[in-house]
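Peer 1: what would the 3D arrangement of this be:
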Amino acid sequence: MKIKEVWTIYFSPAGTTEKIAKAMGEGLSHSLDAPLKAYDFTLPKMRENFPALGPDSLVVFAMPTYAGKLPNLMLPYLDTMEGEGALAVAMVTFGNRNFDNSLAELWKILDSKGFTPFAGGAFAAEHSFSYTLGAGRPDGEDLQEVSRFSKALGESVKASALEELAAGRAEISGDGDAPYYQPRDRKGVFIDIRKVKPKTLKSCIRCGLCADQCPMGAIDKEDFSLISGICIKCGACVKKCPVKAKFFDDPGFIYHKEELEAMYGGERQKNRLFYPSL
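Peer 2: Residues are numbered from 1 along each chain as shown. Below you'll find the predicted structure:
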């Protein structure tokens, strides 16, 4: 099959999903000798439109895993997409715990919106809550794995017709309709962090980067300590602040973060790759 353009389309507040998407897109672009284009819908203004695609497009569609699924506030935007028969590689990142049902959910959405998903992957990344959980990932080893994956998929695409790719699409495990992962304390009591918002230290230099980088547009443009909208705990404002002036101090949030670090911080979670059966 001849691909005329490769797209990377992604939501990546903390930047880790973007790294995976770009590496995959660059590999496929090189393998297929097709121009590479990018569409980053992380910020609100970019969710007003969607790129025009066609059956000769190949899309690397990448999103992070939040509580075992896709970020729920992005679902209305995903519902506006039109795949127009474009081939798709579904990719998710996860914070060194588990991707649970996020990849299955993304696959189902792409399939329902007119894409032809045929392969997928789930990649461990530094957790949005933590600096130690999955620290530094995706790293060089991860990106080498992406490079090998993209080369193999590129060869499959060049050697196969669209019908063959559709018929031999990968089998993705998980239930796209499953409920979200719910954090609990050691007594099994649900920890509700949905309304938790970050605080701001007096050391804030008022650069405005946090407000500019917030994917929900929730941080006030004049008073950066004011979170007037919904916070999705993506970590963008905390991890991108040049003076580390943003932080969370909610006891339930801190407990959940420390539990995750204690349970999953000592191991390097493996990435999962799903190839078409051609």
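Peer 1: from here on, just use CA atoms for contacts and neighbour counts.
Peer 2: Fine.
Peer 1: which secondary element of the chain has the worst mean pLDDT?
Peer 2: Least confident helix or strand, the chain: helix 162-167 with a mean of 91, by mean pLDDT, DSSP states H and E.
Peer 1: what is it packed up against?
Peer 2: strand 116-124 (3 or more C-alpha pairs under 8 Å, 6 or more residues apart in numbering; DSSP states H and E).
Peer 1: what does the very next helix or strand once past the strand it packs on contact?
Peer 2: For strand 116-124, the succeeding helix or strand toward the C-terminus, using DSSP states H and E, is helix 140-159. The contact list for helix 140-159 (C-alpha atoms under 8 Å, 6 or more residues apart in numbering) reads 1-2, 20, 23-25, 27-28, 31-32, 119, 123, 165, 271, 273, 275, 278.
Peer 1: ok, now stretch 222-238?
Peer 2: Residues contacting stretch 222-238 (C-alpha under 8 Å, 6+ apart): 13-14, 71, 128-129, 194-200, 206, 208-211, 213-214, 216-220, 244-247.
Peer 1: phi, psi of Ile219?
Peer 2: phi -100, psi 130 (degrees, to the nearest 10).
Peer 1: list the contacts for it?
Peer 2: Cys210, Ala211, Ser225, Leu226, Ile227, Ser228, Gly229.
Peer 1: gap between it and Thr132?
Peer 2: Distance check for Ile219 against Thr132: by C-alpha to C-alpha, to the nearest Å, it reads 26 Å.
Peer 1: just Gly114 next, same as before
Peer 2: With C-alpha to C-alpha as the criterion, Gly114 and Thr132 are 39 Å apart.
Peer 1: higher neighbour count, those two?
Peer 2: Gly114 (17 against 14; other C-alpha atoms under 10 Å).
Peer 1: now do the contacts for the more buried one.
Peer 2: Glu82, Gly83, Glu84, Gly85, Ala86.
Peer 1: same question for Arg194.
Peer 2: Applying C-alpha under 8 Å, 6+ apart to Arg194 gives the contacts Cys231, Ile232.
Peer 1: list the contacts of the strand or helix carrying Glu259.
Peer 2: Element membership for Glu259 (DSSP H and E) is helix 251-264. The contact list for helix 251-264, computed with C-alpha under 8 Å, 6+ apart, reads 96-97, 129-130, 132-133, 183-185, 191-193, 196, 248.
Peer 1: least confident of the residues you listed?
Peer 2: Sorting those by pLDDT puts Asp185 at the bottom of the list (81).
Peer 1: once you drop chain neighbours, what's closest to that one?
Peer 2: The shortest distance from Asp185 to any residue other than its chain neighbours is 6.7 Å, reached at Ile191 (C-alpha to C-alpha, 6 or more residues apart in numbering).
Peer 1: the one you found: how many residues sit nearby?
Peer 2: 15.
Peer 1: isn't it right up against Tyr181?
Peer 2: No - using C-alpha atoms under 8 Å, Ile191 is not in contact with Tyr181, being 11.0 Å away.
Peer 1: quick one: common contacting residues for those two?
Peer 2: Shared contacts of Ile191 and Tyr181 (C-alpha under 8 Å, 6+ apart): none.
Peer 1: just to revisit the earlier point, out of the contacts of stretch 222-238, which are inside strands?
Peer 2: Lys199, Thr200, Lys246, Phe247 (DSSP state E).
Peer 1: and of these, the nearest to Ala52?
Peer 2: Lys246 (37.4 Å; C-alpha to C-alpha).
Peer 1: for the closest one, name its beta-bridge partners.
Peer 2: Thr200 (DSSP bridges).
Peer 1: show me the contacts for it.
Peer 2: Counted by C-alpha under 8 Å, 6+ apart, Lys246 has contacts Pro198, Lys199, Thr200, Leu201, Cys237, Val238.
Peer 1: measure the third one to Phe248 for me?
Peer 2: Using C-alpha to C-alpha, Thr200 is found at 9 Å from Phe248.
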